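Colleague: Provide a 3D model corresponding to the input given below.
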Amino acid sequence: MVPKDSVSGFLKGSWEECPEYRSVREKNMVPVIGYLAKSLLHSPSMHSPSNQCLTKTFKDACQKIWTEEIPRYQTRTVLPEPVITKVLQAAIKLKDQYFINDVAKYQGGNLSLDFFKWAKEQIAAGDIDFDTIKDR
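Modeller: Model (predicted):
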């Protein structure tokens, strides 16, 4: 068990311990990132103080797999479509334009029609505005 306010530090520590196992760590991070995105999406208040740690951990995990230096013989982990969809949805709900831009940059054109259906519903409900997603 890891206390809620230590999850980010715990994950960062495990990322940095064994650089030679980077590809294994990255692949293990995919379900963690999916879980964190889903947790944020189902949170009653995305911007509550209790979600600050969750939000930080989520963003740190995404940035880690997107920006970590990789050896030439390895390829960067690409988040599968269901995960990247949840990540983008969470980024949009967080209303962090820089993070939305990062997600859009690294998603690699890997979005399903479900994302666009979700976005349309969110816009219609007034939860997000079209400007948030139009140029991404």
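Colleague: Quick check, central residue of this structure?
Modeller: Val87 (4.0 Å; CA atoms, centre = their mean).
Colleague: Give me the contacts around the helix or strand hosting that one.
Modeller: Using DSSP states H and E, Val87 sits within helix 81-94. If you take CB atoms under 8 Å, 6 or more residues apart in numbering as the criterion, helix 81-94 is touched by 30-31, 33-34, 36-38, 40-41, 46-47, 55, 58, 62, 79, 99-100, 102-104, 107-108, 110-112, 114-115, 118-119, 122, 127-128, 132-133. Using the backbone N, CA and C atoms, a C-beta is placed for each residue, glycine as well.
Colleague: hmm, 6 Å instead?
Modeller: By CB atoms under 6 Å, 6 or more residues apart in numbering, the surrounding residues in contact with helix 81-94 are 30, 34, 37-38, 40-41, 46, 99-100, 103, 107, 110, 112, 115, 128, 132.
Colleague: residues of stretch 67-78 that come out buried?
Modeller: By neighbour count on 16 or more other CB atoms under 10 Å, the buried set for stretch 67-78 is Thr77.
Colleague: and the end-to-end length of it?
Modeller: Stretch 67-78 stretches 12 Å from its first residue to its last (CA to CA, to the nearest Å).
Colleague: Same check on stretch 104-112?
Modeller: Stretch 104-112: ends 14 Å apart by CA to CA.
Colleague: so how far is that stretch from its chain's centroid?
Modeller: Centroid separation for stretch 104-112 versus its chain: 12 Å, with CA atoms, centre = their mean, to the nearest Å.
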